[in-house]
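Trainee: The following block contains a protein sequence and its predicted model.
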Amino acid sequence: MGEEKKGLSYEELVERFRQKVASIPEECHKAIMLWMSAKEVQKARIAAENNLRQVIETGKKVFYAGSEIPDEIKSVMVRGDQKYFDVLRKQEASFTRACDNAFKETRWFNDVAVPAAEGEGMGPMMAGELLWTIGSAHRFPSFGRLVRYAGLDVQNGKAPKRQKGQPVTWNPQLRTALYKLSENWNRNPEGIWRARWDGWKVWYAENRPHILDEKGGKGHIHDMARRKVQREFLRNLYGLWWEYEEETSC
């Protein structure tokens with residue numbers, strides 16, 4: 001997706017942005033703008049956090065060419081980096097809260113996103129990722145098309161991978177969002193999605209035991225089961241989103 005934007009003029013980028021926003025339900029425009037703001041601040045906060053950690057833990061920085069930073073300079077750098085990090089963290093929290101409140105006022109969030117995840121792991125940042133990358137269920141004439149767009153069209157038990165010199169045929173941002181969502185489920189051992197995930201791992205181990213004999217077989221089964229629950233969620237989302245658009249377009 002990023003490759004496609006290279007070489008485009010400012011006017012072309014603006015027009016693409018307008019078209020993208022226009023594809024999103026109007027009731028979600030405020031929420032998606034707040035999501036974008038939170039996401040940009042989040043990127044800056046992560047960069048600042050990594051920079052601060054680098055100074056504190058290693059005492060080195062790129063522009064010092066790997067040499068040790070003098071203690072008096074290091075203390076000044078740490079104070080400055082910590083202050084900048086704290087400001088960004090507060091800004092991120094503020095935008096995220098505002099985004100959450102804006103989403104909760106929309107029918108799309110309450111009737112589509114949250115029910116699709118069955119109440120688990122669907123916060124404002126995840127909702128924003130899904131809304132921005134998918135835009136509209138009606139863009140996809142079939143569930144299979146959405147599965148391919150998400151990079152979950154498995155062949156021989158394996159998901160498609162990037163090939164050198166070849167453009168990707170899926171949306172990496174959406175694929176990453178689904179991975180993050182499933183990781184949220186994985187961290188909740190009492191959750192319904194974790195139970196389904198574990199159930200698929202047992203099913204694969206019992207019905208395709210030869211996979212366990214392969215190198216990394218256990219991890220392969222783990223990923224196969226992950227994709228099963230991701231597709232189940234995506235099917236929920238697609239069905240609910242399609243119904244929502246049918247009703248709201250009348």
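Mentor: Nice, thanks for sending it over.
Trainee: longest helix anywhere in this structure?
Mentor: helix 71-104 (DSSP state H).
Trainee: Could I get the phi/psi values of R196?
Mentor: When read as degrees, to the nearest 10, the backbone of R196 gives phi -70, psi -40.
Trainee: quick one, what contacts T133?
Mentor: 171, 173-174, 177 (CB atoms under 8 Å, 6 or more residues apart in numbering). Every C-beta, even on glycine, is put in place using the N, C-alpha and C of the backbone.
Trainee: Please repeat the previous calculation with a cut-off of 10 Å.
Mentor: Contacts for T133 (CB atoms under 10 Å, 6 or more residues apart in numbering) come out as 1, 20, 149-150, 171-178.
Trainee: got it, and R97?
Mentor: 34, 38, 124.
Trainee: was I right about K20 contacting G135?
Mentor: Yes - under the criterion of CB atoms under 10 Å, K20 makes contact with G135 at 6.6 Å.
Trainee: higher neighbour count, these two?
Mentor: G135 (17 against 13; other CB atoms under 10 Å).
Trainee: Secondary structure element holding N184?
Mentor: Here N184 sits within helix 172-186, counting by DSSP states H and E.
Trainee: Let me know the next secondary structure element after the strand or helix carrying V202.
Mentor: Per DSSP H and E, V202 falls inside helix 192-207. Counting by DSSP H and E, the next helix or strand C-terminal to helix 192-207 is helix 217-248.
Trainee: For that next one, buried residues please.
Mentor: Neighbour counts over helix 217-248 (16 or more other CB atoms under 10 Å) mark 217, 220-234, 236-238, 240-242, 244-245 as buried.
Trainee: Go through the longest helix of the chain and flag the buried ones.
Mentor: Per 16+ other CB under 10 Å, helix 71-104 contains these buried residues: 74, 77, 81, 85, 88, 91-92, 95-96, 98-100, 102-103.
Trainee: Need the mean per-residue confidence for that helix.
Mentor: Per-residue pLDDT over helix 71-104 has a mean of 84.
Trainee: Show me the residue at the heart of this structure, geometrically.
Mentor: A177 (2.2 Å; CA atoms, centre = their mean).
Trainee: I'd guessed that one sits against N171; true?
Mentor: Yes - using CB under 10 Å, A177 makes contact with N171 at a distance of 9.1 Å.
Trainee: Before I go, just wanted to say thanks for your time.
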